[in-house]
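Student: coords below, sequence missing:
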């Protein structure tokens, strides 16, 4: 099934996160965690209230976009952490019946289904029922007779299927029309021989067929149809009680009817039933239901202690959001790095902003979602027009940035980092051999003499004058951070990093003075 944005997928080795599987068809106040890394402890958070303020502009923007692009109906929403703070819609669910779209209308979300299939595979992996390095033919024996392109090709494994590196060719729009085929059709396709475009693990290429095979593996390993497994183990635990696989199961008044725009009029598209290829694009859901899935993904960040409360572990969610096969798209003024993870696209632009995303498109439908793990914000939209991106994404993001809500979540401050901060203040202001021996690593005075360091500290404190305030520490991680000593004549900025020893010591201490302007 067709992805919606041209996928330039990028993967970066140390992406802390971010993604929209950009596909080929038509794309505040931070919170803190307590020091023991338990549940989030929020400062007064105005992001939700601020985002609600953009609703009139957003509704006008979406109405205009729908009209200009001949889209019958669009439903859309914005999530902040675990809450759907904006949910709205415009246009019609069913043109013939003149039924208005709503936030609980059920749209087919097409390729956005892929991440649910990937999540099912990871759940089975976490339960010890399969390994991502298992050859796919272990669960699909028909693959044992597959003819590879080269003699040195490795066997296709489950991870290849997840990351779309199995060597299967891009199969849009053919794959869309296979949605309702029976399981036997998929097995016959494999038995008769799938044509490959690459050797496995050589490069990324978007494949619906690969995800259909993953669905079959879920069924084989779990002992129940993949639809049933995903419903029981992912949808229902998340409270997604109005998400469906089969159009006949959706209440008639909730079901979005799919259309294409042709000859200056809307024409009905065939409403496809569920089948073997549903694992790549069959889910039908509403904005209200899907927001729970977005919130679950946002809950994976940052890493922390505390009970696991979702269908899979937080670490497994972060694994889904880790890109493979790096690619740089240098088009335009701001380059973007991207990669495909497990059923998700991951991106980072030249400004360091990271996002996770995936689009979807089938005859009659277009959908997309994007979430920003560092900001705790997710956006999503569904529409009922063939292969159509459901939103003016750049304008929506501009509204969010202009409203000042795109502020990164703060990392928690570890006890040792806070303790060393207090000791560093004493060291700089007074100095003492006892403090030196307690907190300084063996390299500290070897890298710069004691005399030189203390001369430097004194000069900067003299320039700063009386210290009026010491700011909170801003951690870069649990062993590195910075803070500021605010003086009457200027500020002393302090950065430090600790050693990997059991009792971490200060190995680097950088101090800079900036006079008041």
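Tutor: Nice, I can see it. Keep in mind that this is a model prediction, so the values were computed, not measured.

Student: Make sure residue 356 is indeed in a strand.
Tutor: Yes - looking at residue 356 with DSSP: H, G, I helix; E, B strand; the rest coil, it is inside a strand.

Student: Okay, now the unreliable bits of the chain?
Tutor: Low-confidence segments of the chain (pLDDT under 70): 1-44.

Student: repeat that for 80
Tutor: For the chain, the stretches with pLDDT under 80 are 1-45, 331-332.

Student: Let me know the outermost residue of it.
Tutor: Distance from the centre of the chain peaks at residue 451, with 49.5 Å (C-alpha atoms, centre = their mean).

Student: Distance check, it against residue 432.
Tutor: Separation of residue 451 from residue 432 (C-beta to C-beta, to the nearest Å): 15 Å. Backbone N, C-alpha and C define where each C-beta goes, glycine included.

Student: Which secondary structure state is assigned to residue 407?
Tutor: Assignment for residue 407 (three-state DSSP): coil.

Student: Kindly provide the distance from it to residue 353.
Tutor: For residue 407, the distance to residue 353 - C-beta to C-beta - is 12 Å.

Student: So if I had to pick from those two, which one is more boxed in?
Tutor: residue 353 (18 against 15; other C-beta atoms under 10 Å).

Student: my guess is that one meets residue 377, correct?
Tutor: No - taking contacts as C-beta atoms under 8 Å, residue 353 lies outside contact range of residue 377: 11.3 Å.

Student: what sits in contact with each of the two?
Tutor: Common contacts of residue 353 and residue 377 (C-beta atoms under 8 Å, 6 or more residues apart in numbering): residue 406.

Student: before we move on, back to that, let me know the secondary structure of the residue farthest from the centre of the chain.
Tutor: Once three-state DSSP is applied, residue 451 turns out helix.

Student: Likewise for the one 4 residues further on?
Tutor: Remark: residue 455 carries the secondary structure label helix [criterion: three-state DSSP].

Student: Please apply the same query to residue 239.
Tutor: coil.

Student: The nearest residue to it once chain neighbours are set aside: how many residues sit nearby?
Tutor: Distances taken as C-beta to C-beta, 6 or more residues apart in numbering place residue 292 nearest to residue 239, at 5.4 Å, with adjacent residues excluded. Around residue 292 there are 19 other residues, counting by other C-beta under 10 Å.

Student: so which strand or helix has residue 292?
Tutor: Secondary-structure assignment from DSSP states H and E places residue 292 in helix 287-298.

Student: ok, then the element right after that helix?
Tutor: Taking DSSP H and E, what comes next after helix 287-298 is helix 314-320.

Student: How far off centre is that next one?
Tutor: Counting by C-alpha atoms, centre = their mean, to the nearest Å, helix 314-320 is centred 10 Å from the centre of its parent chain.

Student: swap in stretch 164-184?
Tutor: 24 Å.

Student: now the end-to-end length of it.
Tutor: Using C-alpha to C-alpha, to the nearest Å, the end-to-end distance of stretch 164-184 comes to 23 Å.

Student: Just the buried residues of it, please?
Tutor: For stretch 164-184, burial by neighbour count (16 or more other C-beta atoms under 10 Å) applies to 164-168, 170-173, 175-176, 178-181, 183.

Student: repeat for stretch 493-512
Tutor: 493-494, 496-499, 504-507, 509, 511.

Student: Near the closest residue to residue 136 other than its chain neighbours, how many other residues are there?
Tutor: Among residues not flanking residue 136 along the chain, residue 156 sits closest, at 4.9 Å (C-beta to C-beta, 6+ apart). Other residues within reach of residue 156, judged by other C-beta under 10 Å, total 26.
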